[in-house]
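[1] Below is the sequence, then the predicted model.
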Amino acid sequence: MDARTLKIEAARVALSHVHSGMKLGIGTGSTAEEFVRLLAAEVAGGMEIIGVPTSERTAALCRELGVPLTTLDEMPHLDLTIDGADEIDPELTLVKGGGGALLREKIVAAASDAMIVIADESKLVDPLGRFPLPIEVNRFGLQATKLAVETAARTLGLDGAIALRMAGDQEFVTDGGHLILDASFGRIPDPRALSTALHAVPGVVEHGLFIDMARLAVVARAGGVEEITPRTNQRS
Ligand SMILES: O=C(CO)[C@H](O)[C@H](O)COP(=O)(O)O
């Protein structure tokens, strides 16, 4: 089964959690886009939902396919968000932001009663850290912020290259007008400690660690789709 087929299968199973009348957060990325395509077919068939997109890219696809949209200002409380991820650990802590939408994705997920993450099995890791951690930062003071992030990470025993994300020869700019640092820390044994340390850096707008947000992962493998709930954290 190719990667796209796996993404479609995960999206199809996640769609079974969506019911008419729901207010939905709609994620960003290639897996989330497969979900949007399936959702659009349901909407065309009469399902009544309203969506809040997590990026301009997702908003454009929804408009093109006829998925009704609103904003989080109009509808600040959502029933469910369905989104992809770059990494998923056994506690369903996620690394997100490979598509650069982590800030809106986190705001939308936090405004939702539940979050379902959809992925193919290549996203399952233990521990997190194979994929560089996206950190959204203010443009002002970029070098000082980068230095402060390096220092904060080092206190947790993490190092590795931190690179400014580029789009060709231009800086990658998020929908919120910020920049992204991609931090190749390698293993992230304590995502909570890293989250706290990153939030303490003034220039950091948000980071791509999603902790205690996803309550279900719908993961497609060649042999079928598995629904995974968080493993209890035994470390207290
Ligand atoms: O966090 C994201 C965008 O900011 C995406 O959900 C993540 O990058 C996964 O994307 P894909 O489904 O294309 O692998």
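    That came through fine.

[2] what sits against the spatially most central residue of the chain?
    Centroid-nearest residue in the chain, with Cα atoms, centre = their mean: Lys96, separated by 3.8 Å. When contacts are counted by Cβ atoms under 8 Å, 6 or more residues apart in numbering, Lys96 touches 83-86, 102, 105-106, 134, 208, 210. Every C-beta, even on glycine, is put in place using the N, C-alpha and C of the backbone.

[3] Going along the chain, name the helices of this protein.
    3-15, 30-44, 56-65, 102-110, 142-155, 191-199 (DSSP state H).

[4] looking at those, which is closest to the ligand?
    Evaluated with Cβ to the nearest ligand atom, the helices of the chain place helix 30-44 nearest to the ligand, the distance being 3.2 Å.

[5] where does this structure have low pLDDT?
    232-236 (pLDDT under 70).

[6] related to what we said a few turns ago, out of the contacts of Lys96, which touch the ligand?
    83-86, 102, 105 (Cβ under 6 Å from any ligand atom).

[7] ok, of the residues you listed, which come out buried?
    Buried members of the ones next to the ligand among the contacts of Lys96, counted by 16 or more other Cβ atoms under 10 Å: 83-86, 102, 105.

[8] number of nearby residues for Gly186?
    By other Cβ atoms under 10 Å, the residues close to Gly186 number 14.

[9] likewise Arg139?
    12.

[10] The nearest residue in space to it that is not next to it in sequence: neighbouring residues, count only.
    Among residues not flanking Arg139 along the chain, Leu179 sits closest, at 5.5 Å (Cβ to Cβ, 6 or more residues apart in numbering). The tally of other residues near Leu179 (other Cβ under 10 Å) stands at 22.

[11] List the contacts of Leu179.
    136-139, 142, 164-165, 171-173.

[12] just curious, which of the residues you listed is nearest to the ligand?
    Looking across the contacts of Leu179 and measuring by Cβ to the nearest ligand atom, the closest to the ligand is Glu136, at 9.9 Å.

[13] mind listing what the closest residue to Leu158 other than its chain neighbours touches?
    Leaving aside its sequence neighbours, Leu158 sits nearest to Phe185 (Cβ to Cβ, 6+ apart; 4.3 Å). Taking Cβ under 8 Å, 6+ apart, we find Phe185 in contact with 129, 132-133, 153, 158-160, 194.

[14] could you redo the last one with a cut-off of 6 Å?
    129, 158, 160 (Cβ atoms under 6 Å, 6 or more residues apart in numbering).

[15] tell me the angle of the longest strand seen in the chain relative to helix 30-44?
    In the chain, assigned by DSSP state E, the strand with the most residues is strand 112-120. Taking axes from the mean of the first three to the mean of the last three Cα atoms, to 10 degrees, one finds strand 112-120 and helix 30-44 inclined to each other by 120 degrees.

[16] what are the pairing partners of strand 112-120, and which direction each?
    strand 78-83 (parallel), strand 216-221 (parallel) (DSSP bridges).

[17] Do I have it right that Met1 meets Gly224?
    No - under the criterion of Cβ atoms under 6 Å, Met1 is not in contact with Gly224, lying 10.1 Å apart.

[18] The two: who's more crowded?
    Met1 (12 against 9).

[19] That one - nearest residue in space that isn't next to it in sequence?
    In space, Met1 is closest to Ala222, 5.0 Å off (Cβ to Cβ, 6+ apart).

[20] what about that neighbour, neighbour count?
    Neighbours of Ala222 (other Cβ under 10 Å): 11.

[21] do Thr71 as well
    The burial count for Thr71: 10, using other Cβ under 10 Å.

[22] swap in the one 3 residues further on?
    A total of 9 residues lie near Glu74 under the criterion other Cβ under 10 Å.

[23] Cheers, nothing more for now.
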